[in-house]
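Peer 1: Sequence first, then the predicted structure:
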Amino acid sequence: MAWDFSTEPEFQEQLDWMREFVREEVWPIETVFEDLGQEGFERVIAPLKEQVKERGLWAAHLPPDLGGQGFGQVKLGLMHEILGSSVFAPSVFGNAAPDSGNSEVLAMAGTEDQKEQYLYPLLNGDLRSAFSMTEPDNAGSDPTLLETTAVLEGDEWVINGHKWFSSNASVADFLIVMAVTDPEAHKYQRASMLIVPADTPGVTIVRDIATMEHPYEHYGRIGGHSEILYEDVRVPKDALLGARGAGFLIAQQRLGPGRIHHCMRWLGVSRRAFDMLCERALTRYSHGSLLSEKQTVQNWIAESAAQMQAARLMTLQAAWKMDREGASAARQEIALIKFFGAGVMHDVVDRALQVHGSLGYSTDLPLEAMYRFARAARLYDGPDEVHRQSVARQILRGYEAPADGVPSQHVPTRRKAARARFADLLETVTSND
Ligand SMILES: Cc1cc2nc3c(=O)[nH]c(=O)nc-3n(C[C@H](O)[C@H](O)[C@H](O)COP(=O)(O)OP(=O)(O)OC[C@H]3O[C@@H](n4cnc5c(N)ncnc54)[C@H](O)[C@@H]3O)c2cc1C
């Protein structure tokens, strides 16, 4: 009977170090990031990255032969829970999205040449990447509706299409583009991934879209989401990443672990917001008592603690299943945590913001930024509704409608059957009356 919720002492020590390091070294950077600018930020985090490398925690999502640690998903999950408390921490640990996911794809599906040209420089921080799949007019929640095409002409792929929300594309050196290469194939085998250097003629980064996270248009920032036109973009035949027609398969393999890491990072956000909620409840006095003595606030604390605990256990269980049985076996668990975890983060941050009143709404606290961040989590990597639909479909496969249309728990029907079954006994009992 193996049923163990404990963490190995050596790894717990690493986690304790990370927690302290992120709080002491990374959190302070948040308050001066705008003054530092991207270049200053890179300078400030350079020595921190070295410390992370010395601790053997750099790019831990990759196998050891690629400079990573080969941690399984449970360990990675526990690590991401800590890194999630600051948007800057993943950069310090060599696993910031989308480069981390893209490096996994390159490690998994790239040729040796592609690894040389893109993966190793990406891991060294010499290159930046973006993943370009979503289209404004068609393929979002349902990527099988992709309309961007890549046609093989001689030794070159010619790409045409319109994408948006390609995160980091305006600062990327190369883009991993999903395009239809085999229009007549089965809907899950029509698309392939291609590596496109960002300066290839025909690639136009139209803009970085202003969003709830960054409401003012600002071109060329890390964390921006770009709209891109691909117009007769020509790349060599060997720009294909993985097998032709394997685009969705590879995307699925990339997204599974990525969702676990997202969910654990969201717990890091939730925990930080929750700590603020509790601190404020014990500080603010209103209508005759501290907020901590109001039942509504107590309900928020208890509800948040229960939700975070549930999300944490669900996410770690999904990670554990993925480690043991692989990403496809854990599909249902991953879909469950994707929408559940995003909802928990949203609720906890919302309550923490509410308990702080106007202070929570102000930029004097990080809660309003967390709230905007939390809202996006219910959309990217598949909106809530799609994951709910996927979970429900998988669950329903284990059921069937009763042949006679009568609910299997229908009491009169069951009573009739039970009366027939226990007729002798019932006869004896009633005759004794
Ligand atoms: C912050 C952020 C970063 C992103 N980064 C990237 C990136 O790097 N690369 C990239 O390619 N994309 C990226 N995206 C895009 C993201 O993957 C899409 O937004 C997502 O897949 C949803 O697609 P859509 O926005 O086109 O919504 P639509 O497909 O238009 O869906 C709109 C809504 O319809 C509803 N809906 C859809 N399907 C169903 C269903 N089956 N049942 C019930 N309701 C349904 C949902 O409520 C959904 O929110 C990013 C998005 C955000 C917000």
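Peer 2: Structure received.
Peer 1: ok, and the closest non-adjacent residue to Pro183?
Peer 2: Setting aside the residues directly before and after it, Pro183 is nearest to Arg190 in space (CB to CB, 6 or more residues apart in numbering), at 6.0 Å. C-beta: built from backbone N, CA, C; applies to glycine.
Peer 1: Show me which positions of stretch 357-370 end up buried.
Peer 2: Within stretch 357-370, the residues that count as buried by 16 or more other CB atoms under 10 Å are Gly360, Leu365, Pro366, Leu367, Glu368, Met370.
Peer 1: a markdown table for the residues you listed, including pLDDT and secondary structure?
Peer 2: Output for those, formatted as a markdown table (pLDDT from 0 to 100; DSSP: H, G, I helix; E, B strand; the rest coil):
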| residue | pLDDT | secondary structure |
| --- | --- | --- |
| Gly360 | 98 | helix |
| Leu365 | 98 | coil |
| Pro366 | 97 | coil |
| Leu367 | 98 | helix |
| Glu368 | 97 | helix |
| Met370 | 97 | helix |
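Peer 1: before we move on, back to that, in contact with the residue nearest to Pro183, which residues?
Peer 2: Thr144, Leu146, Val180, Thr181, Asp182, Pro183, Glu184, Gly245, Gly247 (CB atoms under 8 Å, 6 or more residues apart in numbering).
Peer 1: Where does this protein get nearest to the ligand, residue-wise?
Peer 2: Nearest to the ligand, among the residues of the chain, is Gly140, at 1.7 Å (CB to the nearest ligand atom).
Peer 1: Tell me who's in contact with the closest residue to that residue other than its chain neighbours.
Peer 2: Once flanking residues are discounted, Gly140 sits nearest to Thr134: 5.3 Å by CB to CB, 6+ apart. By CB under 8 Å, 6+ apart, Thr134 lies in contact with Gly140, Pro143, Lys163, Trp164, Phe165, Ser166.
Peer 1: Try it again at 10 Å.
Peer 2: Gly140, Ser141, Pro143, Leu146, Lys163, Trp164, Phe165, Ser166, Ser167, Met178, His225, Tyr380 (CB atoms under 10 Å, 6 or more residues apart in numbering).
Peer 1: ok, so of those, who is nearest Phe274?
Peer 2: Nearest to Phe274 out of the contacts of Thr134 is Tyr380 (CB to CB; 22.9 Å).
Peer 1: three-state assignment of the closest one?
Peer 2: coil (DSSP: H, G, I helix; E, B strand; the rest coil).
Peer 1: With Ile228 instead?
Peer 2: Going by three-state DSSP: Ile228 is strand.
Peer 1: most residues in a single helix of the protein, which one?
Peer 2: For the chain, the helix with the greatest residue count under DSSP state H is helix 247-281.
Peer 1: which is the next helix or strand following that helix?
Peer 2: Helices and strands here follow DSSP states H and E; after helix 247-281, the next one along the chain is strand 285-286.
Peer 1: buried stuff in stretch 97-117?
Peer 2: 97-107, 109-110, 114-115, 117.
Peer 1: Enumerate the residues of the stretch 201-350 of the chain near the ligand.
Peer 2: His225 (CB under 6 Å from any ligand atom).
Peer 1: where are the low-confidence patches of the stretch 201-350 of the chain?
Peer 2: By pLDDT under 70, the stretch 201-350 of the chain contains no weakly predicted segment.
Peer 1: hang on, the earlier thing: so what does the residue nearest to Pro183 look like in phi/psi?
Peer 2: phi -80, psi -20 (degrees, to the nearest 10).
Peer 1: same deal with Leu194?
Peer 2: phi -130, psi 140.
Peer 1: Next one, pLDDT for it please.
Peer 2: Per-residue confidence (pLDDT) for Leu194: 98.
Peer 1: Quickly note the distance from it to Ala139.
Peer 2: 15 Å (CB to CB, to the nearest Å).
Peer 1: More neighbours: which of the two?
Peer 2: Leu194 (26 against 20; other CB atoms under 10 Å).
Peer 1: which residues sit against stretch 273-289?
Peer 2: 85, 267, 270, 290-294, 297-298, 300-301, 304-305, 307-308, 345, 347-357, 359-360, 365-367, 370-371, 374.
Peer 1: State whether the residue of the chain closest to the ligand is indeed within a strand.
Peer 2: No - assessed with three-state DSSP, Gly140 is coil; it does not lie in a strand.
Peer 1: Using PDB, write down the CA coordinates of stretch 60-77.
Peer 2: Taking C-alpha atoms only, stretch 60-77 is exported to PDB below (Å, rounded to 0.1, in the frame of the first residue of the first chain):
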ATOM      1  CA  ALA A  60      14.600  21.600 -14.100                       C
ATOM      2  CA  HIS A  61      11.900  20.600 -16.600                       C
ATOM      3  CA  LEU A  62      14.400  19.200 -19.100                       C
ATOM      4  CA  PRO A  63      16.300  16.000 -19.100                       C
ATOM      5  CA  PRO A  64      19.900  16.000 -17.700                       C
ATOM      6  CA  ASP A  65      21.500  15.600 -21.100                       C
ATOM      7  CA  LEU A  66      20.000  18.900 -22.100                       C
ATOM      8  CA  GLY A  67      21.300  20.700 -19.000                       C
ATOM      9  CA  GLY A  68      18.100  20.100 -16.900                       C
ATOM     10  CA  GLN A  69      17.400  18.100 -13.800                       C
ATOM     11  CA  GLY A  70      15.000  15.600 -15.200                       C
ATOM     12  CA  PHE A  71      12.600  16.200 -12.300                       C
ATOM     13  CA  GLY A  72       9.300  14.400 -12.700                       C
ATOM     14  CA  GLN A  73       6.000  16.300 -12.600                       C
ATOM     15  CA  VAL A  74       5.500  16.000  -8.900                       C
ATOM     16  CA  LYS A  75       8.800  17.600  -8.100                       C
ATOM     17  CA  LEU A  76       8.300  20.200 -10.800                       C
ATOM     18  CA  GLY A  77       4.900  20.900  -9.500                       C
END
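Peer 1: So which bits of it are buried?
Peer 2: 60-62, 66-69, 71, 73-77.
Peer 1: Now tabulate those residues in TSV and tack on pLDDT and distance to the ligand.
Peer 2: Output for those, formatted as TSV (pLDDT from 0 to 100; distance: CB to the nearest ligand atom, whole Å):
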residue	pLDDT	distance to the ligand
Ala60	89	22
His61	84	17
Leu62	83	20
Leu66	75	22
Gly67	68	24
Gly68	73	22
Gln69	76	25
Phe71	85	24
Gln73	91	21
Val74	94	26
Lys75	94	25
Leu76	93	20
Gly77	94	21
